[in-house]
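Enquirer: pasted the sequence and its predicted model underneath.
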Amino acid sequence: MFDTLTDKLGAALNKLTRRGALTEADVTAAMRDVRVALLEADVALPVVKDFIAKVSEKAVGEAVIKSVTPGQLVVKIVHDELIAMLGGEDAAQGVDLAAPAPVAVLMVGLQGSGKTTTTGKIANRLQNKDRKRVLMVSLDTYRPAAQEQLAILGKQAGVISLPIVAGQQPIDIAKRGLDEARRGGFDVVLFDTAGRLTIDEAMMTEIVALRDIIKPHETLLVTDAMIGQDSVTTATSFNEKIGITGIVLTRVDGDARGGAALSMRAVTGRPIKLIGVGEKIDALDVFSPERIAGRILGMGDVVSLVEKAVANIDQAEAEKAAARMAAGKFDLTDMLSQLQQIQRMGDMKGLLGLIPGMGTAMKQMKGGVDLDPKQFKRLEAIIQSMTPKERRVPDLIKASRKQRIATGSGTTVADVNKLLKQHQQMETMMKRMKKMGGMGALAGMFGGGGAAPGSLPGLPGGLGQRPGGFPFGKR
């Protein structure tokens, strides 16, 4: 979401870091570029003015001008102010459950913001990650099949949803939901309310009535990052009329300009607690001001990367693979396992963007890097079209077998050849690693040219090649 903003802020701040000494005029010129970058990213004007004033005040101080690395110190000041703008290092994160059970959470927002899907995602996170017993209640009797949609999401996540009673009105459903949550011993009860295309009196009157009955500990506004400043206006209206406790930003994985996220907390005074980063039921992350600020400035987010790895990689399988690699063994079954584990972690471009400096490195590569997720499926299809013996002994795969594998996977013989070559490179690397002293030599090999030409370090078999090379190039 922040790609454009990252590029423009990076260009503005790079002018400062390349200078050995700074003058007030240098900082003023850079802040002018930062102001333009923020405004183009759809950040609210009052927020931009306040941000620029705070950064400028600190950046032209005597401590900065006399610093050994003044440009880098200005970048740190911008980073710190971004964190403050987004809520500060101590900002509330995730759903607040510090209340007697069952903790009532009221979900509000406009129609189309992803409110029902987000309710399912939060329920999935609370039950499967935080080990809470969750009940979901749909109060949306207006949108066709809205209640059924929440029930389906509940089945996907293994979360109980309140049985639907045809013709029952929202107020009565809310009372029944509260009663069931108390009697059933639930830790959390999530109430998904109806939305409208625009804010109107009827909508607000109903939500206020529901709020007074439910008495929620949390009232979370779900808003779409793609609608820019309109989402800030929506957040302000809901906060004034209902009193929200936090914001959930959806479609953060899209191509929104990012200004809404930077503006919301500053304008409403309410923290962004969660962000939706995909369509899957588990595609929900806690909003961390420090991590988001790091991403915006191209510093990456290693903590999020590690969390994704821990959540999606099978520990036993990883240890088994590591033992085989340490012994210099790496067959096509091992390669398939690696591919599948990488895919479980999510979008490859997003993952690489979490590595400090990797996003900039990919953009600087000649022609860029085409990270088409469909190519992973193509690689999988090729390996899965092989027999178990062929996967163990790739040398068996000659002309006729290659043709059979290509036909079975819907690819070409050339694609099969490229995959086999990549596997051979990885196998050779594993054997070299064993001779050089095992796993401890891996980092040196990547740094010393052990990776396949044109590949990104750390990806199996040359994954991440530049366009024109398999698997990420156009065929």
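Expert: Thanks, I have the structure now. Numbering: from 1, shown residues only.

Enquirer: Phe136 in helix, strand or coil?
Expert: Not Phe; residue 136 is Met. strand (DSSP: H, G, I helix; E, B strand; the rest coil).

Enquirer: quick one: mean pLDDT over the host helix or strand of Ala293.
Expert: Per DSSP states H and E, Ala293 falls inside helix 289-296. Averaged across helix 289-296, pLDDT comes to 77.

Enquirer: for the residue located most distally from the centre of the chain, give its distance to Asn417.
Expert: The outermost residue of the chain, judged by C-alpha distance from the chain's mean C-alpha position using CA atoms, centre = their mean, is Ser400 at 43.5 Å. The span separating Ser400 from Asn417 equals 14 Å under the rule CB to CB, to the nearest Å. Backbone N, C-alpha and C define where each C-beta goes, glycine included.

Enquirer: would the residue farthest from the centre of the chain count as being in a helix?
Expert: Yes: with three-state DSSP as the criterion, Ser400 is located in a helix.

Enquirer: on that earlier part again, which secondary structure elements does the helix holding Ala293 sit against?
Expert: Secondary-structure packing of helix 289-296 (3 or more CB pairs under 8 Å, 6 or more residues apart in numbering; DSSP states H and E): helix 3-17, helix 70-85.

Enquirer: and the helices in the stretch 101-250 of the chain, which stretches?
Expert: 115-128, 146-157, 170-183, 201-214, 229-241 (DSSP state H, counting those that start in this stretch).

Enquirer: and these as CSV, adding distance to Ser138 and mean neighbour count?
Expert: Compiled in CSV, the helices of the stretch 101-250 of the chain are given as follows (distance: least, CB to CB, whole Å; neighbours: other CB atoms under 10 Å):
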stretch, distance to Ser138, mean neighbour count
helix 115-128, 7, 24
helix 146-157, 4, 18
helix 170-183, 7, 17
helix 201-214, 12, 16
helix 229-241, 19, 19
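
Enquirer: output the ones you listed as JSON lines; include the columns mean pLDDT and distance to Phe376.
Expert: As requested, those are exported to JSON lines (pLDDT from 0 to 100; distance: least, CB to CB, whole Å):
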{"stretch": "helix 115-128", "mean pLDDT": "94", "distance to Phe376": "24"}
{"stretch": "helix 146-157", "mean pLDDT": "94", "distance to Phe376": "23"}
{"stretch": "helix 170-183", "mean pLDDT": "95", "distance to Phe376": "42"}
{"stretch": "helix 201-214", "mean pLDDT": "91", "distance to Phe376": "43"}
{"stretch": "helix 229-241", "mean pLDDT": "84", "distance to Phe376": "33"}
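
Enquirer: any stretches of this structure with poor pLDDT?
Expert: Low-confidence segments of the chain, defined by pLDDT under 70, span residues 1-4, 17-22, 61-71, 254-258, 261, 298-322, 324-328, 343-373, 433-475.

Enquirer: what are the boundaries of the strands in it?
Expert: 103-108, 134-138, 160-161, 188-192, 218-224, 246-250, 272-276, 284-286 (DSSP state E).

Enquirer: which of those is buried the deepest?
Expert: Relative to the other members of the strands of the chain, strand 188-192 carries the highest mean neighbour count by mean count of other CB atoms under 10 Å, namely a mean of 29.

Enquirer: tell me the strands beside that one, with direction?
Expert: Based on DSSP bridges, the pairing partners of strand 188-192 within the sheet are strand 103-108 (parallel), strand 134-138 (parallel).

Enquirer: quick one, longest helix in the chain?
Expert: With DSSP state H setting the assignment, residue counts place helix 413-435 as the longest helix in the chain.

Enquirer: what helices or strands is that helix leaning on?
Expert: Packed against helix 413-435 by the contact rule (3+ CB pairs under 8 Å, 6+ apart) you find helix 315-326, helix 332-344, helix 374-384, helix 399-409, helix 442-447.

Enquirer: for the longest one, name the packing helices and strands.
Expert: Secondary structure elements in contact with helix 332-344, counted by 3+ CB pairs under 8 Å, 6+ apart, are helix 315-326, helix 374-384, helix 388-392, helix 413-435.

Enquirer: His423 versus Ser400, what's the distance?
Expert: Applying CB to CB, the value for Ser400 to His423 is 19 Å.

Enquirer: alpha carbons only: can I get the longest helix of the chain in CSV?
Expert: Coordinates of each C-alpha in helix 413-435 appear next as CSV, following Å, rounded to 0.1, in the frame of the first residue of the first chain:
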residue,chain,number,x,y,z
VAL,A,413,10.2,-29.3,-21.9
ALA,A,414,12.2,-26.1,-21.6
ASP,A,415,10.4,-25.3,-18.3
VAL,A,416,11.2,-28.8,-17.0
ASN,A,417,14.9,-28.4,-18.0
LYS,A,418,15.1,-25.1,-16.2
LEU,A,419,13.6,-26.6,-13.0
LEU,A,420,16.1,-29.5,-13.1
LYS,A,421,19.0,-27.0,-13.6
GLN,A,422,17.8,-25.0,-10.6
HIS,A,423,17.6,-28.1,-8.5
GLN,A,424,21.0,-29.2,-9.6
GLN,A,425,22.4,-25.8,-8.5
MET,A,426,20.8,-26.1,-5.1
GLU,A,427,22.0,-29.7,-4.7
THR,A,428,25.6,-28.6,-5.6
MET,A,429,25.3,-25.8,-3.1
MET,A,430,24.2,-28.2,-0.3
LYS,A,431,27.2,-30.5,-1.0
ARG,A,432,29.6,-27.5,-1.0
MET,A,433,28.1,-26.4,2.3
LYS,A,434,28.7,-29.8,3.8
LYS,A,435,32.3,-29.8,2.7
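
Enquirer: and that helix, what's buried?
Expert: Of the residues in helix 413-435, those scored as buried under the neighbour-count criterion (16 or more other CB atoms under 10 Å) are 415-416, 418-420, 422-423, 425-427, 429-430, 433-434.

Enquirer: pipe the residues you listed into TSV and attach distance to Phe287 per row.
Expert: Formatted as TSV, the entries for these read as follows, by distance: CB to CB, whole Å:
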residue	distance to Phe287
Asp415	41
Val416	44
Lys418	41
Leu419	39
Leu420	44
Gln422	38
His423	40
Gln425	40
Met426	37
Glu427	42
Met429	39
Met430	40
Met433	39
Lys434	44
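
Enquirer: now render the strands of the chain as CSV, adding distance to Ser263.
Expert: Formatted as CSV, the entries for these read as follows, by distance: least, CB to CB, whole Å:
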stretch, distance to Ser263
strand 103-108, 19
strand 134-138, 30
strand 160-161, 34
strand 188-192, 26
strand 218-224, 11
strand 246-250, 11
strand 272-276, 10
strand 284-286, 20
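
Enquirer: of all those strands, which lies closest to Val75?
Expert: For the strands of the chain, proximity to Val75 was assessed by CB to CB; strand 272-276 is nearest, at 23.3 Å.

Enquirer: and that closest one with strand 246-250, angle?
Expert: Our comparison of strand 272-276 with strand 246-250, counting by axes from the mean of the first three to the mean of the last three CA atoms, to 10 degrees, yields an angle of 20 degrees.

Enquirer: which residues sit against strand 272-276?
Expert: Taking contacts as CB atoms under 8 Å, 6 or more residues apart in numbering, the residues outside strand 272-276 that touch it are 86-87, 92-95, 114, 117-118, 121-122, 220, 246-253, 261, 264-265, 283-287.

Enquirer: same question, stretch 174-182
Expert: 102, 104, 135, 137, 139, 162, 165, 168, 186, 189, 191, 210, 213-214.
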